[in-house]
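>>> fold the following and give me the result.
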Amino acid sequence: MLDLNRVGTIPGGLTKNQALVLEIIDKAGKPIGAYEILRELGPRGIKSPVQIYRAVNSLIQCGIVHKVESMNAFVRCTDAHPHHGQTTILAVCDRCGTVVEHHDETVDRRLVAWAEQEAFQVDTVAIELKVRCASCNASAS
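Residues are numbered from 1 along each chain as shown. As a prediction, the model looks like this:
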């Protein structure tokens, strides 16, 4: 069952497409791509990748979903925190797909200072660690 109170909310609630997309992302339990979401939702009336991307983008903007850039896939936010102005660091297990989210104010400050020093304007920051989670590490031993 979809729990919208878990982390983040969209003011005024979710549209039908947003709720359907979020439900599929939740159910996946690991990073899932837009076309996989589309395959799942085709029988429920969503027929276009544009519909998926619009829903996902609004969920990202509200801090409910994160994009795993290296996989071009999406996961549910797992950490209750304000998303604006914070760097999200995702550790992604390359065996099972488990994703753990982390935030670090020191990393944020250092990245901002470096960008200012180089006269960069930062639009987005994506930091991903390719890891082997504890479960996969234990099963490999």
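
>>> any idea how many residues pack against the spatially closest residue to residue 140 that is not a sequence neighbour?
The shortest distance from residue 140 to any non-neighbouring residue, by Cβ to Cβ, 6 or more residues apart in numbering, is to residue 132 (7.1 Å). (Each C-beta comes from the backbone N, C-alpha and C, glycine too.) Applying other Cβ atoms under 10 Å, we find 16 residues neighbouring residue 132.

>>> which ones are touching residue 132?
Residues counted as contacts of residue 132 (Cβ atoms under 8 Å, 6 or more residues apart in numbering) are 93, 94, 95, 140.

>>> my read is residue 47 is in a helix, agree?
No - under DSSP: H, G, I helix; E, B strand; the rest coil, residue 47 sits outside any helix and is assigned coil.

>>> what sits against residue 121?
If you count contacts by Cβ under 8 Å, 6+ apart, residue 121 has them with residue 115.

>>> just say helix, strand or coil for it.
Under three-state DSSP, residue 121 falls in the coil class.

>>> check what pLDDT it gets.
For residue 121, the pLDDT comes out at 88.

>>> same question for the one 3 residues further on.
With respect to pLDDT, residue 124 has a value of 78.

>>> cool, and residue 130?
Looking at residue 130, its pLDDT is 96.

>>> check the secondary structure at it for me.
strand.

>>> excluding chain neighbours, what is closest to it?
Spatially, and ignoring its direct neighbours in sequence, residue 130 is nearest to residue 94 (5.1 Å; Cβ to Cβ, 6+ apart).
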